[in-house]
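# Generate a structure from the sequence data that follows.
(4 chains)
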Protein chains: 4
Amino acid sequence: MIYFRSDYSQGAHPHILDALIRTNEEHTDGYALDAHSEHAAQMIKDMIGRQDCEVYMMVGGTPTNIITTAAALKPWEAAVAPRTAHIYTHECGALEATGHRVITMDGVDGKLTPELIDKAWLEYEDDHTVIPRLAYISHTTETGTVYTKAELQALRKCCDEHDMLLYLDGARLGAGLTCEDTDLTIRDIAQLTDAFYIGGTKNGLLLGEAVVIFNDYMNDHYRWMIKQKNGMLAKGRLIGVQFEALLEGGEDSVFYQIGRHENAMAKKLREGIEAAGYSFDGNSRTNQLFPILPEPLVRELEKDFFFYDWAPAENGCRVIRLVTSWGTTEDDVNAFIQALHK
Amino acid sequence: MIYFRSDYSQGAHPHILDALIRTNEEHTDGYALDAHSEHAAQMIKDMIGRQDCEVYMMVGGTPTNIITTAAALKPWEAAVAPRTAHIYTHECGALEATGHRVITMDGVDGKLTPELIDKAWLEYEDDHTVIPRLAYISHTTETGTVYTKAELQALRKCCDEHDMLLYLDGARLGAGLTCEDTDLTIRDIAQLTDAFYIGGTKNGLLLGEAVVIFNDYMNDHYRWMIKQKNGMLAKGRLIGVQFEALLEGGEDSVFYQIGRHENAMAKKLREGIEAAGYSFDGNSRTNQLFPILPEPLVRELEKDFFFYDWAPAENGCRVIRLVTSWGTTEDDVNAFIQALHK
Amino acid sequence: MIYFRSDYSQGAHPHILDALIRTNEEHTDGYALDAHSEHAAQMIKDMIGRQDCEVYMMVGGTPTNIITTAAALKPWEAAVAPRTAHIYTHECGALEATGHRVITMDGVDGKLTPELIDKAWLEYEDDHTVIPRLAYISHTTETGTVYTKAELQALRKCCDEHDMLLYLDGARLGAGLTCEDTDLTIRDIAQLTDAFYIGGTKNGLLLGEAVVIFNDYMNDHYRWMIKQKNGMLAKGRLIGVQFEALLEGGEDSVFYQIGRHENAMAKKLREGIEAAGYSFDGNSRTNQLFPILPEPLVRELEKDFFFYDWAPAENGCRVIRLVTSWGTTEDDVNAFIQALHK
Amino acid sequence: MIYFRSDYSQGAHPHILDALIRTNEEHTDGYALDAHSEHAAQMIKDMIGRQDCEVYMMVGGTPTNIITTAAALKPWEAAVAPRTAHIYTHECGALEATGHRVITMDGVDGKLTPELIDKAWLEYEDDHTVIPRLAYISHTTETGTVYTKAELQALRKCCDEHDMLLYLDGARLGAGLTCEDTDLTIRDIAQLTDAFYIGGTKNGLLLGEAVVIFNDYMNDHYRWMIKQKNGMLAKGRLIGVQFEALLEGGEDSVFYQIGRHENAMAKKLREGIEAAGYSFDGNSRTNQLFPILPEPLVRELEKDFFFYDWAPAENGCRVIRLVTSWGTTEDDVNAFIQALHK
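Numbers count the residues shown, from 1 in each chain, chains lettered A, B, ... in the order given. Purely as a prediction, here's the structure:
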């Protein structure tokens, strides 16, 4: 069985695993209050070119989204997000469970726009209405699309006009930053958002994300929120150790290597699927692809390949989701393409 | 610096780490829906002698306590716990953050008793009052003490009389089960509680706990609660893989080995401290010790040893906390004892 | 200043006020555990032709919606409602503040349909997704429209297919039941929903609603939910006393009289506005009207009439909201119509 | 049946009812945004001698406690209260339902002291612990006792030292202020607290309390909290109208008259009970009394009097609770005293 199921179906990238093995028997203090976590945080501050922030080692993507958003919002405030946003579609109502609404707007290619934020504000009246306070976006989005620098600048401007915070979910930030279709850099993101995270789980780590927060109110007692919302890892240094290994080397770091590899494998896969005469749902140029295939072919492919059977499509077809990962090989891709021609 | 800080200051026990390394490049489905997690669950069912339960791979102790308790309680229901309980003292109000009160009673040596539960019920009146629904205990307790089988049977009987659920926090279950002062076995616990967990984080794993739930209402949609409360791990198989390695071998498994080692190291430490003329706060016979030492001595010890400066005591003394772990060596213990005599 | 602001701008209908005056110095037990509240509940059971339910005296509309919905939902469950629903637009995120999502669908004329519920279910996947469990509708809706019996039957059928509960917000039930455009009776509603309420605040009471619940799970500990969610009134008999007076007399009761009066005044108003050449936003045939008027005219009208300036419209027009009430007179209506012609 | 059940067993004091009748057919804007509510607020500001505050018309005592406390606390913060506090004993976990812990301390005669607050802080550690942020007291307390000015000053000083807010629940403020055992005035309370409320429900109103808030953070978006937490009354002017009538006349107002009457009736009752040879639980000098009577006598009294059978006492006795109200007559009191001698 060849896996295109997700970018979290294997353990750690070998380079990351080595770091864990090497440091395994060290004694450190718990809860990410250790030298590795501090060092990883400093590496990130240097990498993004800003020192006026706090960096926290987080256990996973959903905890990072929820804790960060909940830390930003007062009881009467809400987040605005595309209807396809992870925070709305795949976190089992976790934000609402902290008491906050996700105001959903029908996104454009999975993305939020200034126009959509303005539209969300039309629903606001007075003390009978929640206040839109935080815009949630992701890069790459749930549908594999990416923001450009101009798009992110426009969102920043719009948020400033509405006194809103801008938060970027970077679960697949590696794939986003190395995508050829966008000029957006991590330094841009650090300039234009109030908080974002560098995804580790979907980028070669056993687990862990690093969230960067520029906003003082969010940083105030953020660690209390981590603990209260189930996100505090006892052996927190595990995340610090992994990020040290992930990020060392700058543009040549494993972080960027994995992003480039994932996108390269996806490109090859995309071209093979197109060459076989099939089209795609959406416009992903990153490591998630959504080909539209005849249902009998899908059933045949499922015998040898593991992927998500995503959604119904017209004319007896199905949309499936294929994801490439650090461990995806050219052989995996070739096997899939050949299987399309059987 | 020698660490008696906690039982989570190192990485994984070598046997556990080997299992992670060995399985690292396997592809599996995410979210603990994999063969390793299923196998670990089955091993646990066999170990406890009950098949009529569900076993879930959990990311940490606080998430396990909170998700399990929240899954048990309806909005008008509350937990009863000793005032020293982890759920009250060290989880930053996480249970209240899910909407539920922790009714605290002044425990007896860190333990809950039927009399204390009865006393909690005296505060109940009618629809103006929350209903005590779940009794929270831990084994070992926060103060290192343990329950006997007779004590647990008495709590079970009391809970039945009040139509209450009984939940046992097993963060340090290994140390509890191998403590010579109690006859309580894991099979007893499985017979007498509605839910309990086998702690991994404090027993040699990188991270992870395995919670066992016998109650149908709690099992209903428990995985939705895991996801909603930030406890779902993408690479969930990591926990399954570690529990397979931890538990294989029955009484000779690494799980029991670590418990016995921790207690043996603690016993040696305790005897050395007593021989040096010092007494203890509480009656721990497990891997947490709370010696009462003169403050100048504490300040001296802090130069070479890392431990918690726990609480003030009388006559210019301090209570400190010493914890032994899988990695604690006889040399570590001897060094500490010698330092008492300097 | 003539008020078309709302149906809650005056005190109580004189008949209701008399009942309060007459019973003022009686001593009763608190919290709606009194003979008046019990009698009012029994009157309602007889009126709807069902005895297999519980009736609760509630303090207001938002508390009734929130407490009833929260009593129905488990943590992983959500409500489905039109995007215009009161529970979404005018309760300041109160349902989310209890931990539950409102899944919004773009309603048809302010109404929910089976197709929209089916569409909401397309977003459901697995333990990463909340479960749609309760359909929220109102009669009249926020836009003044009404359901027919056939429409409500279709919703019931759809809810049964999805194992969902159906809840009807009756803040303006009097106007709904007396609307000539629908055949829906209160006995139909009692047969087809799991819970609904008879609105008092907007139908001549000082305050108070009576909620009728057929579902056992919702009735279980519902009074605990009332107390916990701030809805318990100490002098609860005030609501019972008012409902006794409101409902006595069956079809000739003040309840129905007020509904008929409101709709009659609205009809006269509507015809006058149409005769003056203006059209409406939406199709309300009840006591809320949404005429579209030129902005200069709106500004002129505001000098003598108090109403909501509702929303922008095309061609320099505004949508305004006019509401008739038990105290609206023919003179009020005539004055408004004449003002259109100035 | 003669009622000593509570101070909310009748409707409104006749003077209050008259005001409601007189203003009944006025049209006003809803949600306490009307001239009566504004006037009542200004009367209160003048009465307490401070203009630097906001005054809100609230629907009841529990909503006022919960909304005010929740408006003060961030997710990681908690309230400190005596174990007997209304917020802990009779609000069905409503504060925990907003996500916040009530840290309970064993009060001294139902009261909180600086020593108890200091003791609560001993449990605080770091980001694993909630932060005590608001001290909750009531005047009179749940057991009928009162604070002196010196006691309140000491609490203020202690709160300042811990950067804590001080909130006073005034459900029975009228009885507290007119109690001869204390020198505490409403102007003192306004100087020494961050928020307090003037109870109406238990002091002659149909319903309603007026909360006074000096703290900017609490005032920020407080009305959003009222709405979200089910406390917004559509016909909010009802509370304003009643407070206008309650407070007019200063020291001779109905507010103070009722307090004096309640305490006078209670004093007469207390002296009669003492003369009959019975003692009391606690030291109440206000309108709640807790006599200790033989159980057979209690059962006999229940035939003619309605009161709370409060708690078991020693030697076959029961503690009962007797409450005097604006409607309690000398005849009622004499009848009870005579019944003790039968």
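
# Could you pull up the contacting residues of the residue nearest to A:Gly199 when sequence neighbours are not counted?
In space, and not counting its chain neighbours, A:Gly199 is closest to A:Ala171: 4.2 Å by CB to CB, 6 or more residues apart in numbering or on different chains. (Each C-beta comes from the backbone N, C-alpha and C, glycine too.) When contacts are counted by CB atoms under 8 Å, 6 or more residues apart in numbering or on different chains, A:Ala171 touches A:Gly61, A:His86, A:Ser138, A:Tyr197, A:Gly199, A:Thr201, A:Lys202, A:Glu209.

# domain ranges for chain A?
Following the assignment in automatic domain parsing, chain A carries domains at A:2-7+A:254-340, A:14-251.

# picking that back up, among the contacts of A:Ala171, which lie within strands?
When these are checked against strands (DSSP state E), the matches are A:Ser138, A:Tyr197, A:Gly199, A:Glu209.

# Same list (those) but as JSON lines, adding pLDDT.
Formatted as JSON lines, the ones in strands among the contacts of A:Ala171 follow (pLDDT from 0 to 100):
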{"residue": "A:Ser138", "pLDDT": "98"}
{"residue": "A:Tyr197", "pLDDT": "98"}
{"residue": "A:Gly199", "pLDDT": "98"}
{"residue": "A:Glu209", "pLDDT": "98"}
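
# circling back to that earlier point, which members of the contacts of A:Ala171 are the farthest-apart pair?
The largest distance within the contacts of A:Ala171, taken as CB to CB, falls between A:Ser138 and A:Thr201 and amounts to 13.9 Å.

# who has more neighbours, these two?
A:Ser138 (32 against 24; other CB atoms under 10 Å in any protein chain shown).

# what's the nearest residue to the more buried one if we skip its chain neighbours?
Nearest one to A:Ser138, counting by CB to CB, 6+ apart, is A:Asp169 at 3.8 Å.

# The one you found and A:Thr140 touch, don't they?
No. Applying CB atoms under 8 Å, one finds A:Asp169 not in contact with A:Thr140, separated by 9.6 Å.

# just to revisit the earlier point, buried subset of the ones in strands among the contacts of A:Ala171, written for ChimeraX?
Selection of buried members from the ones in strands among the contacts of A:Ala171 for ChimeraX, criterion 16 or more other CB atoms under 10 Å in any protein chain shown:
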select /A:138,197,199,209
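
# pLDDT value on A:Lys342, please?
Per-residue pLDDT puts A:Lys342 at 79.

# With adjacent residues omitted, what lies nearest to it?
A:Glu300 (7.3 Å).

# Doesn't the one you found belong to a strand?
No. Counting by DSSP: H, G, I helix; E, B strand; the rest coil, A:Glu300 falls outside a strand, being helix.

# And for it, the neighbour number?
By other CB under 10 Å, the residues close to A:Glu300 number 15.

# And the helices in the stretch 51-200 of chain A?
With DSSP state H, counting those that start in this stretch as the criterion, the stretch 51-200 of chain A has helices at A:61-72, A:86-89, A:94-97, A:114-122, A:149-161, A:173-177, A:186-192.

# The closest residue to chain D within the stretch 101-250 of chain A: neighbour count?
Residue of the stretch 101-250 of chain A nearest chain D, by CB to the nearest CB: A:Trp224 (3.7 Å). Neighbour count of A:Trp224, defined by other CB under 10 Å: 23.

# mind listing what it touches?
Residues in contact with A:Trp224 (CB under 8 Å, 6+ apart) are B:Cys92, D:Pro75, D:Trp76, D:Asp127, D:Val130, D:Ile131.

# could I get those residues as CSV with distance to chain C?
Formatted as CSV, the contacts of A:Trp224 follow (distance: CB to the nearest CB, whole Å):
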residue, distance to chain C
B:Cys92, 18
D:Pro75, 13
D:Trp76, 18
D:Asp127, 24
D:Val130, 19
D:Ile131, 22
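
# For the residues you listed, work out which two are farthest apart.
By the measure CB to CB, D:Pro75 and D:Asp127 form the most distant pair in those, at 12.4 Å.

# rewinding a little: local confidence estimate at the residue nearest to A:Lys342?
Turning to A:Glu300, the model gives it a pLDDT of 97.

# roughly how far apart are it and chain D?
51 Å (CB to the nearest CB, to the nearest Å).

# again, but for A:Phe305
44 Å.

# Need phi/psi at that residue.
A:Phe305 adopts backbone torsions of phi -130, psi 140, taken as degrees, to the nearest 10.

# Tell me which residues touch it, please.
A:Met1, A:Ile2, A:Tyr3, A:Phe4, A:Ala335, A:Phe336, A:Ala339.

# Quick check: closest non-adjacent residue to the third one.
Leaving aside its chain neighbours, A:Tyr3 sits nearest to B:His27 (4.0 Å; criterion: CB to CB, 6+ apart).

# and if you look at the fourth one?
Excluding the flanking residues, the one nearest A:Phe4 by CB to CB, 6+ apart is A:Leu322, at 4.1 Å.

# Could you check how many residues crowd around that neighbour?
By other CB under 10 Å, the residues close to A:Leu322 number 26.

# How about the contacts made by it?
A:Phe4, A:Ala266, A:Leu269, A:Gln288, A:Leu289, A:Phe290, A:Pro291, A:Phe307, A:Phe336 are the contacts of A:Leu322 under CB under 8 Å, 6+ apart.

# And what about it, helix, strand or coil?
strand.

# The nearest residue to A:Asn215 once chain neighbours are set aside and A:Tyr136: what is the separation?
In this structure, A:Asn215 finds its nearest non-sequential neighbour in A:Asp194, 4.5 Å apart by CB to CB, 6+ apart. Distance, A:Asp194 to A:Tyr136, by CB to CB, to the nearest Å: 11 Å.

# just to revisit the earlier point, okay, and which of the contacts of A:Leu322 map to strands?
A:Gln288, A:Leu289.

# which parts of the stretch 1-150 of chain A sit against chain D?
For the stretch 1-150 of chain A, the residues in contact with chain D (CB under 8 Å from any CB of the partner chain) are A:Tyr31, A:Ala70, A:Lys74, A:Pro75, A:Trp76, A:Thr98, A:Gly99, A:Asp127, A:His128, A:Val130, A:Ile131.

# Nearest to A:Asp160 among those residues?
Distance to A:Asp160, by CB to CB, is smallest for A:Ile131 among the residues of the stretch 1-150 of chain A next to chain D, at 15.7 Å.

# Low-confidence stretches in chain A?
Regions of chain A meeting the criterion pLDDT under 70 are absent.

# biggest helix in it by residues?
Determined from DSSP state H, the single longest helix within chain A is helix A:254-275.

# So for that one, what gets flagged as buried?
So, applying 16+ other CB under 10 Å, buried residues of helix A:254-275: A:254-270, A:272-273.

# Now the common contact residues for A:Asp194 and A:Tyr136.
A:Tyr167.

# Tell me the spacing between the residue most central in space within chain A and A:Ala71.
For chain A, the residue nearest the mean C-alpha position is A:Ala171 (1.9 Å; CA atoms, centre = their mean). Using CB to CB, A:Ala171 is found at 18 Å from A:Ala71.

# where's the closest residue to A:Met105 other than its chain neighbours relative to A:Val102, distance?
Nearest residue to A:Met105, sequence neighbours excluded (CB to CB, 6+ apart): A:Leu116, at 4.1 Å. Distance from A:Leu116 to A:Val102, counting by CB to CB: 13 Å.

# which residues sit in contact with the closest residue to A:Pro75 other than its chain neighbours?
For A:Pro75, ignoring the flanking residues on the chain, the nearest one in space by CB to CB, 6+ apart is A:Gly99 at 6.0 Å. Shown in contact with A:Gly99 (CB under 8 Å, 6+ apart): A:Ala70, A:Pro75, C:Gly93, C:Glu96, C:Ala97, C:Thr98, C:Gly99, D:Gly99.

# quick one: A:Gly99 from A:Glu77, how far?
Going from A:Gly99 to A:Glu77 by CB to CB gives 10 Å.

# With A:Ile337 instead?
Note on A:Ile337: its distance to A:Glu77, by CB to CB, is 48 Å.
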